[in-house]
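> Okay, sequence plus prediction incoming.
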Amino acid sequence: MTRGQAARLVRGRPAAAGPGGARQAAKMPFVLLVVALLAGGLISLLLLNSALNQGSFQLSKLKKETTALTDEQQALQRDVDGYSAPDALQRRARELGLVPGGSPVFLGPDGRTAAPRPR
C-alpha cells in the first residue's frame, strides 16, 4: 500500500480504482438527475396530451349534442308556429264545439248589463 492510499483509508474513503474513477463517481448523480428530469418531462407530456385528447373528445360530443338539440328546438318551434296560426286556432275551436262570440257586453256594479260605448 502506498502512502496516498493509506491516507485515503484513514480519512474513511477507500482508494480509487484508477485515475478516472473519482471523476466518474462524481458525474453519476448528475447523469441520474438529467435522466430523471427527462423521464419526468416525457411523462408530463404524455399526461398533458392525454388530457387534451379527452377534452377534445368531450368537446366533439358536446357539439353533436348541441346540434341535435338545436334541430329539436327548431322542429318544436315549427309545431308551435303551426298551432298558433289563426286558421289553425279557428279549426281547433270548431272541433271543440266553440262558436264565435257576438258583441261584448259588460256588467255594471249594480249587476245590469251595458253595451260598449261606440268610439
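Structure's in. What do you need?

> Which residue comes closest to A114 once chain neighbours are left out?
F106 (5.1 Å; C-beta to C-beta, 6 or more residues apart in numbering). For the C-beta atoms, the positions are set from N, CA and C on the backbone; glycine is no exception.

> hang on, that neighbour packs against R112?
No: using C-beta atoms under 8 Å, F106 is not in contact with R112; the gap is 9.6 Å.

> what is the mean pLDDT for the helix or strand hosting T66?
Per DSSP states H and E: T66 is located in helix 21-84. For helix 21-84, mean pLDDT is 92.

> Please state the offset of it from the chain centre?
Here the centre of helix 21-84 is set off from its chain's centre by 10 Å, with C-alpha atoms, centre = their mean, to the nearest Å.

> and it, what does it pack onto?
helix 86-95 (3 or more C-beta pairs under 8 Å, 6 or more residues apart in numbering; DSSP states H and E).

> Just checking: what are the partner strands of the following helix or strand past the helix it packs on?
Once helix 86-95 ends, the next helix or strand along the chain (criterion: DSSP H and E) is strand 106-107. Strand pairing for strand 106-107, using DSSP bridges, gives strand 113-114 (antiparallel).

> what sits up against the strand it pairs with?
V105, F106, L107, G108 (C-beta atoms under 8 Å, 6 or more residues apart in numbering).

> Quick check: mean pLDDT of that strand?
On average, strand 113-114 scores 86.

> want to try JSON lines for the contacts of strand 113-114, with pLDDT, distance to V31 and neighbour count as columns?
Below are the contacts of strand 113-114 laid out as JSON lines (pLDDT from 0 to 100; distance: C-beta to C-beta, whole Å; neighbours: other C-beta atoms under 10 Å):
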{"residue": "V105", "pLDDT": "86", "distance to V31": "103", "neighbour count": "10"}
{"residue": "F106", "pLDDT": "87", "distance to V31": "100", "neighbour count": "10"}
{"residue": "L107", "pLDDT": "89", "distance to V31": "101", "neighbour count": "9"}
{"residue": "G108", "pLDDT": "87", "distance to V31": "105", "neighbour count": "8"}
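
> of those, closest to L42?
Checking those against L42 by C-beta to C-beta gives F106 as the nearest, at 85.6 Å.

> List the residues that contact the closest one.
T113, A114, A115, P116.
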